[in-house]
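**Student:** My questions concern the predicted model and sequence given below.
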Amino acid sequence: QSWFDRARFIPPDAIFALTAQYLADPSPRKVNLGQGTYRDENGSPWLATCQSLSGTGALHLAGLLLRACKTPLPKIYIPEPTWSNHHQVFSSLGFQCESFRYYSPETRDLDIDSYYATLKSAEPNSVVIIHACAQNPTGCDPSKEQWRELARLFKERQLFPLFDAAYLGFNSGNVDSDAFAIRLFIEETGLEAGVCLSFAKNMGLYGERVGCFLLATNTEQAAIKTQSMLEMLQRSEVSNPPAYGAKIASTILSSTTLRQAWYDDLITMSNRIRSMRMALYDKLVSTGTPGSWEHLIRQSGMFGFLGLSPSIVLTLREHYHIYMADNSRISIAGLNEDNVEYVGQSIAECLK
Ligand code: PMP
């Protein structure tokens, strides 16, 4: 049985099917007069490819597919707080979005009991958005043991996990380690799952909009049918997403040297973020800033929740020229050797 049993098979777009046939034809004399793309004197294309418009486009594509495969529409459970676009993407597609408490401001940590309770009471077939790692904005992820219990509950309650993987590599510096939960759910637990990948942050391809939507299904039939639906949904909306950034990503991933350079860069980025967390923590502790600051080094990924009141956030902005979101979420990447002392000192002055 598959979540996607009611997916339909959509016959391939005639022109795309013709191109696939042309590409598979081994004849040296082959000529493709079907596809309306520019060809140079040697018959070579300048570009062609298929992927999602970054992480946002992958989430949107996932939403379109999920919407087309189930009646009545399943509920979407979204952690609170989360990246604000989650609500917009899914409610604009007509889904009823249900927030659940993910973070406890009191402990400044993940509220795992609330997460478990939400899954235990959710209707079967509901969709739950999961940040694969480096939760935005809290920086709080489940431990490996907690992930195991979550996977067990997803299976028991027949819930559909939709992973938002916008920061693979940012937690540990290693994309594989950061994909722990995705592999645990799909490979070890045997769950069907969607994965929305973005290369915006981890490859610095923000403006190129490079991402993809991956779906793991239980049955081959579901895989064939959902693939055909994804092709139609993609074609009806953007036909083909831009190829330039995808070529950059694919060049990096398919060259051993470039892939290693990328892995090294991820280690550099995640180490720098970790050392900035530590530097800010040290400054706050060494200046005797009131409050506890362990959450800063317990959290991981690019974002951190300082846990400051809105009035302190405003004072920092107006008197110290330090700008952060009203809820005191900070992008750790904005800290560096030159400013981290100043930021720590300023927070200390405001709180004393
Ligand atoms: N998910 C989360 C949690 C994010 O923080 C972001 C980027 N801010 C995205 C998805 C998608 O970003 P993009 O569309 O730029 O890949």
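**Tutor:** Sure, I can see it.

**Student:** C-alpha only now, for contacts and for neighbours.
**Tutor:** OK.

**Student:** Could you report the neighbour count for Arg29?
**Tutor:** When neighbours are defined as other C-alpha atoms under 10 Å, Arg29 has 6 of them.

**Student:** helix/strand/coil for it?
**Tutor:** At Arg29 the chain is in coil, as set by DSSP: H, G, I helix; E, B strand; the rest coil.

**Student:** same thing with Leu314?
**Tutor:** With three-state DSSP as the criterion, Leu314 reads helix.

**Student:** can you offset everything so residue one is 58?
**Tutor:** Got it, the first residue is 58 from now on, which makes the last one we talked about Leu371.

**Student:** dump the residue contacts of it.
**Tutor:** By C-alpha atoms under 8 Å, 6 or more residues apart in numbering, the contact list for Leu371 reads Asp383.

**Student:** distance of it from Phe360?
**Tutor:** 19 Å (C-alpha to C-alpha, to the nearest Å).

**Student:** Could you do Val184 as well?
**Tutor:** Separation of Val184 from Phe360 (C-alpha to C-alpha): 25 Å.

**Student:** again, but for Ile135
**Tutor:** 18 Å.

**Student:** What sits closest to whatever residue of the stretch 258-407 of the chain ends up closest to the ligand if chain neighbours are left out?
**Tutor:** Nearest residue of the stretch 258-407 of the chain to the ligand (C-alpha to the nearest ligand atom) works out as Tyr263 at 5.7 Å. Sequence neighbours aside, Ala257 is the residue nearest to Tyr263 in space, at 4.1 Å (criterion: C-alpha to C-alpha, 6 or more residues apart in numbering).

**Student:** Helix, strand, or coil at the one you found?
**Tutor:** Classification of Ala257 by three-state DSSP places it in coil.

**Student:** Let me know how buried it is, in neighbour terms.
**Tutor:** Using other C-alpha under 10 Å: Ala257 sits among 19 other residues.

**Student:** repeat for Ser368
**Tutor:** Neighbours of Ser368 using other C-alpha under 10 Å come to 11.

**Student:** what separates the helix or strand where Val342 lies from the chain centre, distance-wise?
**Tutor:** Val342 is part of helix 313-343 when elements are defined by DSSP states H and E. The chain centroid and the centroid of helix 313-343 are separated by 20 Å under C-alpha atoms, centre = their mean, to the nearest Å.

**Student:** Over to stretch 260-269?
**Tutor:** On C-alpha atoms, centre = their mean, the centre of stretch 260-269 falls 12 Å from the chain's centre.

**Student:** Next, the distance between the ends of it.
**Tutor:** 14 Å.

**Student:** and what of stretch 358-367?
**Tutor:** 23 Å.

**Student:** Which positions within that stretch qualify as buried?
**Tutor:** Gly358, Met359, Phe360, Gly361, Phe362, Leu363, Gly364 (16 or more other C-alpha atoms under 10 Å).

**Student:** Quick one: residues contacting the fourth one.
**Tutor:** Contacts for Gly361 were tallied using C-alpha under 8 Å, 6+ apart; they are Pro194, Thr195, Gly196, Leu353, Arg386, Ile387, Ser388, Ile389.

**Student:** Please apply the same query to the second one.
**Tutor:** When contacts are counted by C-alpha under 8 Å, 6+ apart, Met359 touches Ala191, Asn193, Gly196, Phe227, Asn228, Ile330, Ser388, Ile389, Ala390.

**Student:** can you tell me which of those residues are in helices?
**Tutor:** Among these, DSSP state H puts Ile330 in helices.

**Student:** Look at Gly93 and report its pLDDT.
**Tutor:** Listed pLDDT for Gly93 reads 53.

**Student:** okay, and for the protein, where does confidence drop off?
**Tutor:** Within the chain, the segments meeting pLDDT under 70 span 72, 89-104, 106-107.

**Student:** go with 80
**Tutor:** 69-75, 88-104, 106-108 (pLDDT under 80).

**Student:** In stretch 245-263, which residues are buried?
**Tutor:** Applying 16+ other C-alpha under 10 Å to stretch 245-263 flags 248-257, 259-260, 262 as buried.

**Student:** Provide the secondary structure category for Ala105.
**Tutor:** coil.

**Student:** on that earlier part again, against which helices or strands is the helix holding Val342 packed?
**Tutor:** Packing partners of helix 313-343 (3 or more C-alpha pairs under 8 Å, 6 or more residues apart in numbering; DSSP states H and E): helix 301-311, helix 351-355, helix 397-408.

**Student:** How about the secondary structure of Leu365?
**Tutor:** Going by three-state DSSP: Leu365 is coil.
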